[in-house]
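*Asks:* Generate coordinates for the sequence data below:
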Amino acid sequence: MPIGEVETPYYARPEGSESKLSTYGDGWRILRTIMTLYRIERPLWFFGVIGGAFAVLALVLGIPLVLTYIEIHQVPRFPTAILITGLGIFAALNVFTGLILDTVVRGRREVRRLAYLAYPAPGVRFPRPSGEREGGVVGDGRVRGGWRIPTAPHPPTRLRRADPSLSPERLG
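*Replies:* Alright, predicted model coming up:
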């Protein structure tokens with residue numbers, strides 16, 4: 001990715017002008033942006049923390065309920081038991097959501113990395129195999145003016161038969 005430096009002139013604030021910065025509004029905007037980036041780049045941690053908070057809350061509410069059940073063999077606070085069940089389900093859903101999204105993020109990173117690695121480093125010359133001529137396409141790379149530029153491997157467009165006896169002409 002090319003990067004450049006641009007000189008920018010800075011001047012003092014004109015007299016009588018006010019700052020456009022808002023301490024709380026800008027702070028909340030920055031915090032929301034950080035959380036969004038964290039959710040996109042590290043979904044397992046993000047949803048895992050939320051799931052862990054639901055699980056801890058379910059445990060805190062559930063321990064007294066279990067102790068009461070052990071003592072009197074009844075559940076006197078049935079709505080609390082339903083709440084604990086819901087919190088446990090939310091905890092599990094958040095953890096599994098994080099796992100699924102983490103897998104998706106890893107796959108996308110790998111695709112980006114492979115696309116990036118398909119290009120040679122600047123200034124690196126690849127040796128040409130014997131028989132390769134300038135400007136021609138050979139194997140997995142293009143040749144331009146003595147430079148061999150490797151490209152990303154492509155999956156085969158059709159399957160090849162392993163056994164020639166299974167050809168349609170012989171079976172047909």
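*Asks:* Which other helices and strands does the helix or strand hosting residue 80 contact?
*Replies:* Following DSSP states H and E, one finds residue 80 within helix 78-117. Counting contacts by 3 or more Cβ pairs under 8 Å, 6 or more residues apart in numbering; DSSP states H and E, helix 78-117 packs against helix 43-72. No exception for glycine: its C-beta is placed from N, CA and C like everyone else's.
*Asks:* Just the buried residues of the helix it packs on, please?
*Replies:* By neighbour count on 16 or more other Cβ atoms under 10 Å, the buried set for helix 43-72 is 43-44, 46-48, 50-51, 54-55, 57-58, 62, 65.
*Asks:* between the helix holding residue 80 and helix 43-72, how big is the angle?
*Replies:* Interaxial angle of helix 78-117 relative to helix 43-72 (axes from the mean of the first three to the mean of the last three Cα atoms, to 10 degrees): 160 degrees.
*Asks:* residues contacting the nearest residue to residue 43 once chain neighbours are set aside?
*Replies:* Closest residue to residue 43 apart from its sequence neighbours, by Cβ to Cβ, 6 or more residues apart in numbering: residue 101 at 3.6 Å. By Cβ atoms under 8 Å, 6 or more residues apart in numbering, the contact set of residue 101 is 43-44, 47.
*Asks:* mind checking the SS state of residue 122?
*Replies:* Here residue 122 is recorded as coil under DSSP: H, G, I helix; E, B strand; the rest coil.
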